[in-house]
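Student: The amino acid sequence is not available; the structure is as follows:
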């Protein structure tokens, strides 16, 4: 069970399939937060995120009578939301550039990400989590290609399991693990760029000591 | 010895390693390698810190009140707003 499933544990599929408004409202209450955050991070525009939010639950309401329960309700909802968000991204880019979750990774299997060896773990917490650093953390996620970003958001930000993420995105578990690994390594590189400079600012070099 | 090969091989497994999802024998192999390879140790530590920072600094923010109101209106659920 992931954290997003907690409040939906007692939702009645039977009532939802019958179109029970009260039960549907409980489902919206339980899952709208994740849907909105996910859309906002994927699309980076509030209006688009709101469109995804509304469209997801409108589609869910219509499709619920036929929901077979093979995947969990949350997985099913996040799949609708992710597809809605991808549709908006495709419209933005125009038809010439397809946006897809299962697009091939832009690096051959086994090829190495660039790797900087800087030990910035020693920086104090207030430096690692300063307002500026938080801003940079957000921007770093923005820089990820969509195929890595959405896996990172579901796994590391929303706390879904590998299996659940695979279900949402219709990927194999191996593909989810590979993409998560690529995303994390790439973010580590971005953060290293940033914190290396912070270290240089804070820790005086030998030449400048006294 | 075969260090370069080891580091490259290791890199693909590090994400699962920090999640504790690898089987024991690969885990042991990585542990042994980390004892003698400073560079890989730094990569593991900074990778772990990267994930930690995202867990720690991402607020589980709620939907803005006006966005939620419009959602409930669109879904004809106004009666359940704030219930």
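Tutor: Sure thing, it's come through. Please read these numbers as outputs of a predicted model, since none were measured by experiment.
Student: which secondary structure element contains the residue nearest the centre of chain B?
Tutor: Nearest to the geometric centre of chain B sits residue B:51, at 4.3 Å (C-alpha atoms, centre = their mean). Per DSSP states H and E, residue B:51 falls inside helix B:38-57.
Student: Please apply the same query to residue B:22.
Tutor: If you go by DSSP H and E, residue B:22 is not part of any helix or strand.
Student: Spatially, what comes nearest to it if we skip its sequence neighbours?
Tutor: Distances taken as C-beta to C-beta, 6 or more residues apart in numbering or on different chains put residue B:16 closest to residue B:22, at 5.0 Å, once the chain neighbours are dropped. (Glycine included, C-beta is placed from N, CA and C.)
Student: What lies in contact with whichever strand or helix holds that neighbour?
Tutor: According to DSSP H and E, residue B:16 maps onto helix B:14-19. Helix B:14-19 is contacted by residues A:177, A:180-181, A:184-185, B:22, B:26-27, B:30, B:43-44, B:47-48, B:51 when judged by C-beta atoms under 8 Å, 6 or more residues apart in numbering or on different chains.
Student: which one of these sits closest to residue A:154?
Tutor: residue A:180 (9.1 Å; C-beta to C-beta).
Student: Remind me what the helix or strand hosting that closest one packs against, helices and strands.
Tutor: Counting by DSSP H and E, the element that carries residue A:180 is helix A:173-202. Applying 3 or more C-beta pairs under 8 Å, 6 or more residues apart in numbering or on different chains; DSSP states H and E, we find helix A:173-202 packed against helix A:125-128, helix A:131-143, helix A:146-152, helix A:162-169, helix B:14-19, helix B:38-57.
Student: how about 6 Å then?
Tutor: helix A:131-143, helix A:146-152, helix A:162-169, helix B:14-19, helix B:38-57 (3 or more C-beta pairs under 6 Å, 6 or more residues apart in numbering or on different chains; DSSP states H and E).
Student: wait, which of those is closest to residue B:66?
Tutor: helix A:131-143 (22.5 Å).
Student: thinking in terms of the whole chain, how far from its middle is that closest one?
Tutor: The chain centroid and the centroid of helix A:131-143 are separated by 14 Å, computed with C-alpha atoms, centre = their mean, to the nearest Å.
Student: anything in that helix near chain B?
Tutor: Yes: Helix A:131-143 comes into contact with chain B (C-beta under 6 Å from any C-beta of the partner chain), by way of A:134, A:137.
Student: returning to that earlier point: generate a PyMOL selection restricted to the buried subset of the contacts of helix B:14-19.
Tutor: Applying 16 or more other C-beta atoms under 10 Å in any protein chain shown to the contacts of helix B:14-19, the buried members can be selected in PyMOL as follows:
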select buried, (chain A and resi 177+180+181+184+185) or (chain B and resi 22+30+43+44+47+48+51)
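Student: What is the nearest of the contacts of helix B:14-19 to residue A:156?
Tutor: For the contacts of helix B:14-19, the nearest to residue A:156 is residue B:51 (6.1 Å; C-beta to C-beta).
Student: pLDDT value on the closest one, please?
Tutor: Per-residue pLDDT puts residue B:51 at 97.
Student: Would you mind measuring from it to chain A?
Tutor: 6 Å (C-beta to the nearest C-beta, to the nearest Å).
Student: Neighbours of residue 24, how many?
Tutor: You didn't say which chain, so I picked chain A. For residue A:24, the neighbour count with other C-beta atoms under 10 Å in any protein chain shown is 22.
Student: wait, chain B
Tutor: With other C-beta under 10 Å as criterion, residue B:24 counts 7.
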